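K.L.:
this one's sequence-less:
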């Protein structure tokens, strides 16, 4: 609470007044405020309500009375993936009314890809994050999280120059069909630099599968299953049972042991719950010339 009293002297006359302001929390995230001014030249009262809907949206509403009449104002702020948006409106009886809309954002394009993004400082240091083509992955620096675009890219602008910065995947808001292996990246950038970090992210269904060779045996224990991006999606157990992630209809995966891909499995073109519950995958031998290269 704030209370003040004042006296202004002008042209041999005094203008005395008092000002009162107070605010208090309301609910989980809202605040109610009240202010009043009484003087020889002014008499006004105002009530305000501010609330945060979530980490990306907040609004404020104010209303009051003055000698000139009723006054009402409000504003809404949205922290988006691609821009910050502010909408505001105000009205004072007998004097004015106004409406405004502000959008602030930027675009970063590099050899590794790009994205629209929020802007802290024009031309400032920023970090391009890559989730290997998986869209909608929540990532963040030190501010509110954003989601990767349809190409699996997002730009984080809340990074500092010449300091070790941390960017991460927000695993608490990760979709059920998305799996991230390694969720934190660190980078130190010079002023105005654009950094790049890639996360190992896989999207698709998850299920227990049985992998069988043509002679009804199974790949050896510890054999790894890799998708078309050479990301590990599973490890074979003793009996050929394998917990697979990143399952996509019709995709072909390779099974690797003894240092190279030995056979491949092809997932069904339809992935109903019944099929996923009884997934038997024949592993077809891979000809030497067809074996995929594995990035180191």
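P.N.:
Thanks, I have it. A quick note: this is a predicted structure, and the numbers were derived from the prediction, not measured. Residues are numbered from 1 along each chain as shown.

K.L.:
residue ranges with poor pLDDT in this structure?
P.N.:
Where the chain drops to pLDDT under 70, the residues are 122-123, 288-296.

K.L.:
one more time with 80
P.N.:
Scanning the chain with the threshold set as pLDDT under 80 gives 6-15, 40-42, 120-123, 287-296.

K.L.:
How is it divided into domains?
P.N.:
Dividing the chain into domains by automatic domain parsing, as the record does, gives the ranges 2-104, 107-202, 205-290.

K.L.:
Pull out the buried positions in stretch 35-50.
P.N.:
35, 37, 39, 46, 48, 50 (16 or more other CB atoms under 10 Å). Quick note: C-beta positions are derived from backbone N, CA and C, even for glycine.

K.L.:
Ok, stretch 267-279 next?
P.N.:
Buried-residue list, stretch 267-279, by 16+ other CB under 10 Å: 267, 271, 275, 276, 279.

K.L.:
who's in contact with residue 99?
P.N.:
For residue 99, the contacting residues are 88, 89, by CB atoms under 8 Å, 6 or more residues apart in numbering.

K.L.:
What residues of stretch 188-199 count as buried?
P.N.:
For stretch 188-199, the neighbour count (16+ other CB under 10 Å) marks 189, 194, 195, 197, 199 as buried.

K.L.:
what's the answer for stretch 12-28, then?
P.N.:
Here stretch 12-28 shows residue 17 as buried, counting by 16+ other CB under 10 Å.

K.L.:
can I assume residue 37 is in contact with residue 65?
P.N.:
No: applying CB atoms under 8 Å as the test, residue 37 and residue 65 come out as separate, 11.4 Å apart.

K.L.:
Need the residues touching each of those two.
P.N.:
44, 45.

K.L.:
just to revisit the earlier point, farthest-apart pair in the buried residues of stretch 35-50, please.
P.N.:
Largest separation among the buried residues of stretch 35-50 by CB to CB: 39 and 50, giving 26.4 Å.

K.L.:
Report the contact partners of the most centrally placed residue in the chain.
P.N.:
Closest to where the C-alpha atoms of the chain average out (CA atoms, centre = their mean) is residue 146, at 2.2 Å. The contact partners of residue 146, by CB under 8 Å, 6+ apart, come to 80, 81, 117, 118, 138, 139, 140, 154, 156.

K.L.:
count of neighbours near the closest residue to residue 181 other than its chain neighbours?
P.N.:
Excluding the flanking residues, the one nearest residue 181 by CB to CB, 6 or more residues apart in numbering is residue 200, at 4.5 Å. Using other CB atoms under 10 Å, residue 200 has 14 other residues around it.

K.L.:
And residue 165, how close does it get to residue 184?
P.N.:
11 Å (CB to CB, to the nearest Å).

K.L.:
Likewise for residue 174?
P.N.:
Taken as CB to CB, the span from residue 174 to residue 184 is 14 Å.

K.L.:
which of the two has more neighbours?
P.N.:
residue 174 (16 against 11).

K.L.:
Can you pull the phi/psi pair for the more buried one?
P.N.:
Backbone torsions of residue 174, given as degrees, to the nearest 10, read phi -80, psi 140.

K.L.:
Helices along this protein, start to end?
P.N.:
Using DSSP state H, the helices of the chain run over residues 273-277.

K.L.:
that older thread, quick check: bridge partners of the residue nearest to the centre of the chain?
P.N.:
residue 139 (DSSP bridges).

K.L.:
Could you do residue 263 as well?
P.N.:
Under the criterion used (DSSP bridges), residue 263 bridges to residue 255, residue 285.
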